[in-house]
Structure formats: structure tokens, C-alpha cells
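> prediction below, plus the sequence it came from.
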Amino acid sequence: MATIGFIGLGNMGGPMAANLLKAGHRVTGYDLNYAALAALAAAGGRTAASAAEAVRGAEVIITMLPAGQQVRDVWLHQGGLIAAAVAEGKPLLIDCSTIDVASAREVAQAAEAAGLEMLDAPVSGGTVGAAAGTLTFMVGGSDAAFARAQAVLRGMGKTIVQAGGPGAGQAAKICNNMMLAITMIGVSEGFLLGEKLGLDRDKLWAITSAATAQSWALSNYCPAPGPVPGAPSNRDYAPGFMAALMLKDVKLSQAAAEATGSPTPLGAQAAALYQKLVDAGDGARDFSAIYRWLAAQDRATAG
């Protein structure tokens, strides 16, 4: 079992750290939020007063942070985690945040220059997957670092996939979430049209989930209330995966598309629609609340 320093104990990081403890690892965590630290302590972990303190004696250092700026700050600047890690020997560095590819590669290059191995390993599965330990990890980095990470990542997830070299995990994540955002909007539109045409919602779901429209957004996470009892649509769109975070990820995909000259017209439209959902005050709702937002536009037009 490994000694792990875990930085960032929020809605995702907290349950991930708790699952590492359940798997028998020793975890010391740090977060700016006292309640997050208290939750880790209650789960059996140790808490630290700073990021540098959290990584003392660590064999593996994990970060789960909101955006590229925070990742750069913690590893390279104010937090100075790479410098702190060097003092601890040769710990494996893993960033599970979802950030831009350029930031991931910048931090990985700094780690390599310091003689350390680093992986970018963003996740899919939301807070439900984080709590259940069933996350999918999309991993970028060397074969050697990927092999070192297996026991730790399997304490938090079910599917661990090496996408390629440094930054490849982030690239896979933003492509995945752009596709998911587009699909969720399409499923929402299909159910709204079906209702206009007089179709029963449950019967439409039964047909489409077994036909060519089948998708994860439809079969497992249906945005229309009713057909999938465990979906956020049946809990007033409590997340899940917040709409504000989906907007962040789709914006990352659009920045990457612009940088590479890749045509993503549906991705651009998805970003515009999720921006409207967030602007309407639903950023903290699940991203499947795009169904309810679209329904409201229809009622406004009819009125």
C-alpha cells in the first residue's frame, strides 16, 4: 500500500481520497475548505496545513483542482509541489484535474526536468462514480509511470486507459465531454419533440434505448424525468456533473479546436447553449438540466 499526498478534496477529490483509504492506502490531504479536511479525517485520513506538508513522505502525490491556473500555481509556483516532491525522493505525480492540454504538458515537462514521473489522469463518472469508486481514468504519460500508477488508480476507478504521452489524458477528456454535451442536447431535443408529437415518454425511452439512438446520455442518464429512476432528472437535476463544469470542459474543447483548426460546429453550439443554461442560474444543477432549459424556451415561445 502507498503513502499518498492528496491536494484538492472537493466534490470529486474528497470521495476519491476516501476510496484510497478504503483500499488500504495511507492518505494525507490538503484543501482550503475546512469541511473537506474534516471529512477526510472522519474517513480515517490525515490532514495537513499546507500542500507542501501533505506531500511529506509521500510515494504518490495526487492533485484534483478546478482549472489549469490552479494546477500551474500548485505544482510550479505558489504551492511549489514539484520542488517539494524532489525533496521527498522520487514520488509519482498524478494530476486528476480536467484542464487544458498546454497546462498539462507544461507541468509534465517541469516534472521531467526535475527528474520526476508525472501523469495527467482526468476522470469521467461524476460524483456518483467518485463515491462508488467506478471512475474512468484517461491517462497521459510514460509507460513506466502508467505501470506505477495502477494500484493507486484502481483504488478509485474501474476503467484505466492510457491515452498516450503527456497531455493525452486531457485531450481524451475534452473530446469525450464535447461529445457527451452534444449527445445530451440531442437526447433532450428528441424527448421534447416526442412529447409534442404525443408520444409517451417511457415508451419513447424503451424504443430509442434499444434502437440506433442508444447512448449513455439516453440509457443511463436520461434528461427527461421518469424513464431512468437513478438519473439526476428525477432529483430536480441535483448533480451528478454540474452544468458549470460541463461548460468549462466544452470551452476547453473549443479552445483546442481553434488552436488546431479542427471543425467543431456542434461543439460550438453546445458551448453556446450551456453558457445560456449557466447564465440562467443553473450552473450548479446537473448538466442534463439542459432538457428543462430547452423546455422553458418552448413554453416562452408558446406564451
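Alright, I've got the coordinates.
> pLDDT below threshold where in the stretch 201-303 of the chain?
302-303 (pLDDT under 70).
> which stretches in it count as strands?
For the stretch 201-303 of the chain, strands defined by DSSP state E, counting those that start in this stretch do not occur.
> spell out, range by range, the helices that occur in it.
Listed in chain order, the helices of the stretch 201-303 of the chain (DSSP state H, counting those that start in this stretch) span 201-208, 216-219, 243-260, 265-277, 290-302.
> tell me the angle of the last one relative to helix 265-277?
Counting by axes from the mean of the first three to the mean of the last three C-alpha atoms, to 10 degrees, helix 290-302 points 80 degrees away from the direction of helix 265-277.
> tell me which residues in helix 290-302 are buried?
Buried residues in helix 290-302, counting neighbours by 16 or more other C-beta atoms under 10 Å, are found at I290, Y291, R292, W293, L294, A295. Where C-beta positions appear, they are placed from N, C-alpha and C, glycine not excepted.
> report the distance from it to the chain centre.
28 Å (C-alpha atoms, centre = their mean, to the nearest Å).
> tell me which strands and helices it is in contact with?
Packing partners of helix 290-302 (3 or more C-beta pairs under 8 Å, 6 or more residues apart in numbering; DSSP states H and E): helix 168-196, helix 265-277.
> ok, back up a step: what's the closest of the helices of the stretch 201-303 of the chain to A35?
Set against A35 and scored by C-beta to C-beta, the helices of the stretch 201-303 of the chain come closest in helix 243-260, at 19.7 Å.
> could you break this structure into its assigned domains?
Domain assignment of the chain by automatic domain parsing yields the ranges 3-165, 171-302.
> most packed of these?
Of all the domains of the chain, domain 3-165 has the most neighbours on average by mean count of other C-beta atoms under 10 Å, namely a mean of 20.
> re earlier: same list (the helices and strands packed on helix 290-302) but as CSV, adding distance to L119.
Listed next are those as CSV, based on distance: least, C-beta to C-beta, whole Å:
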stretch, distance to L119
helix 168-196, 7
helix 265-277, 26
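> so which of those gets nearest N220?
That would be, of the helices and strands packed on helix 290-302 and by C-beta to C-beta, helix 168-196, which comes in at 11.0 Å.
> sorry, back to before: which one of the buried residues of helix 290-302 sits closest to D120?
Closest to D120 out of those is I290 (27.8 Å), distances taken as C-beta to C-beta.
> quick one, what contacts that closest one?
Residues near I290 by C-beta atoms under 8 Å, 6 or more residues apart in numbering: M184, I185, S188, P223, A243, L273, Y274, L277.
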